[in-house]
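Visitor: The amino acid sequence is not available; the structure is as follows:
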């Protein structure tokens with residue numbers, strides 16, 4: 001008999017049918033009862049909610065029922081009936097129970113008790129079976145689907161940009177080297193330097209920190225593209241906000257100026273949050289009830305308000321005049337820190353903020369220069385609890401100005417010749433932004449550590465599982 005997913009039974013009871021025979025497969029969360037009847041809470045991962053299996057002890061081998069403990073995987077066939085007890089609308093009266101896999105109660109680490117997040121990170125291969133991480137991983141799937149759906153429905157093309165690259169994408173972060181050279185016998189040239197001509201690609205290559213530069217090339221042919229893939233930063237940052245391997249969403253749009261870019265970013269992120277509220281409310285409700293009491297209200301607020309839009313210069317004035325003592329000094333020309341960003345969002349405006357027109361010295365070479373000669377058309381979207389969640393800009397379409405910015409930073413024109421060709425041959429106004437997927441998930445789930453929104457986190461000194 002084909003199994004029925006628990007989420008379908010609980011959400012579509014009418015279509016499944018009361019008094020019908022169903023088969024469910026899943027893992028035991030709890031078992032309780034007495035000498036006559038046992039109640040098994042079974043979960044198959046399709047929902048945070050369990051289904052109760054009622055077992056008439058007299059119908060089954062006593063030793064078999066004793067073997068069923070927390071973590072055991074079962075196949076249960078029985079009649080779906082309206083529940084007479086509290087806590088569930090329907091339950092299954094078991095006719096057949098097959099033990100698919102036992103769980104040793106002496107060593108199974110996920111018993112019915114609270115576990116710290118630090119402990120659960122040490123058993124990342126098992127933590128998806130907890131309610132917390134079941135919710136997080138279902139929301140991670142939902143957000144990935146929403147991202148693809150939004151861009152597809154709005155005329156974007158999904159562009160697969162390289163994971164291995166010889167470019168450093170503006171020096172966005174320290175890079176992981178990719179090589180097939182024998183590290184115990186590295187070939188060297190006559191000057192004693194590594195001879196990369198003997199390496200697989202014949203030159204130094206790295207794991208990408210961003211797909212943006214390739215994305216711009218795609219946008220200048222297809223109009224609107226987006227990338228969604230893994231990116232890598234070899235930074236020794238052991239903080240709740242950093243990962244060595246994470247996922248990025250980077251749309252690039254030809255013929256879009258900074259205003260269009262801001263409109264798209266706001267619409268896009270509201271769409272994702274609305275999708276979560278519409279399609280994963282049970283998961284959000286659980287996280288709201290047991291982890292972050294303000295989660296659902298905060299998500300709803302994002303949808304309901306218009307984002308504040310102001311310049312970097314205006315933001316600096318607000319911070320200086322706030323009377324607050326920040327750990328990092330506020331001054332025009334310095335990059336804003338998370339504490340500054342969160343003050344603007346959480347204390348001053350009490351809503352998301354889009355900052356624009358940053359000093360050109362603290363932003364990337366490819367950003368469109370403003371007429372004042374001091375600022376560029378950068379764009380950062382700031383969220384409560386997160387700080388910057390999106391970073392982007394209108395890109396510099398002028399070959400002359402782009403070359404000037406590259407020279408000012410002593411960057412190699414030769415390495416960027418392909419990128420520069422998009423300005424030589426049919427240049428156009430264009431814009432784009434980047435959203436760190438895990439940063440979005442931190443906001444949507446209410447989790448406070450980025451290691452807890454990705455299945456198997458990669459951090460300094462940690463590449464387990």
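Guide: Alright, I've got the coordinates. Just so we're clear, the structure is a prediction, and the values are computed from it rather than from any experiment.
Visitor: which residues sit against the host helix or strand of residue 418?
Guide: Residue 418 belongs to helix 417-424 when elements are defined using DSSP states H and E. Helix 417-424 has contacts (Cβ atoms under 8 Å, 6 or more residues apart in numbering) with 167, 213, 216, 217, 220, 397, 398, 399, 402, 403, 413. C-betas here are computed from N, CA, C, even on glycine.
Visitor: Please give me every residue in contact with the residue lying closest to the third one once chain neighbours are set aside.
Guide: Distance criterion Cβ to Cβ, 6 or more residues apart in numbering; nearest residue to residue 216, sequence neighbours excluded, is residue 252 at 5.2 Å. For residue 252, the contact set (Cβ under 8 Å, 6+ apart) comprises 212, 215, 216, 218, 219, 224, 225, 226, 395, 430, 431, 432.
Visitor: same thing with residue 395?
Guide: Contacts of residue 395 by Cβ under 8 Å, 6+ apart are 216, 252, 366, 367, 368, 430, 431, 432.
Visitor: If I follow the layout properly, the last one ends up in contact with residue 215?
Guide: Yes - Residue 432 sits in contact with residue 215 when judged by Cβ atoms under 8 Å, with a separation of 6.5 Å.
Visitor: Quick one: residues contacting the nearest residue to residue 198 once chain neighbours are set aside.
Guide: Among residues not flanking residue 198 along the chain, residue 187 sits closest, at 4.7 Å (Cβ to Cβ, 6+ apart). By Cβ under 8 Å, 6+ apart, the residues touching residue 187 are 181, 194, 195, 198.
Visitor: Which SSE is immediately downstream of the helix holding residue 418?
Guide: strand 430-436.
Visitor: Residue 91 versus the residue lying farthest from the centre of the chain, what's the distance?
Guide: Most distant from the centre of the chain: residue 58, at 48.8 Å, with distances by Cα atoms, centre = their mean. Relative to residue 91, residue 58 is positioned 18 Å away (Cβ to Cβ, to the nearest Å).
Visitor: for residue 308, same thing?
Guide: Residue 308 is 50 Å from residue 91, by Cβ to Cβ.
Visitor: One more: residue 25?
Guide: On the measure of Cβ to Cβ, residue 25 and residue 91 end up 16 Å apart.
Visitor: Between those two, tell me which one has more neighbours.
Guide: Set residue 25 next to residue 91 and count neighbours by other Cβ atoms under 10 Å: residue 91 wins out with 22 against 17.
Visitor: quick one, strands of the stretch 251-400 of the chain?
Guide: For the stretch 251-400 of the chain, the strands defined by DSSP state E, counting those that start in this stretch cover 308-311, 353-359, 375-383, 387-395.
Visitor: Just give me how far the shortest one sits from the chain centre.
Guide: Same thing as strand 308-311. Relative to the chain's own centre, strand 308-311 is displaced by 25 Å; criterion: Cα atoms, centre = their mean, to the nearest Å.
Visitor: Residues contacting that strand, please?
Guide: Against strand 308-311 from outside (Cβ under 8 Å, 6+ apart): 262, 349, 351, 352, 353, 354, 355, 356, 357, 375.
Visitor: now those as TSV including pLDDT?
Guide: Formatted as TSV, the contacts of strand 308-311 follow (pLDDT from 0 to 100):
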residue	pLDDT
262	98
349	97
351	96
352	97
353	98
354	98
355	98
356	98
357	98
375	97
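Visitor: Now the two most distant members of the residues you listed.
Guide: Greatest spatial distance among these (Cβ to Cβ): 351 and 375, at 23.9 Å.
Visitor: Fine by me, we can end here.
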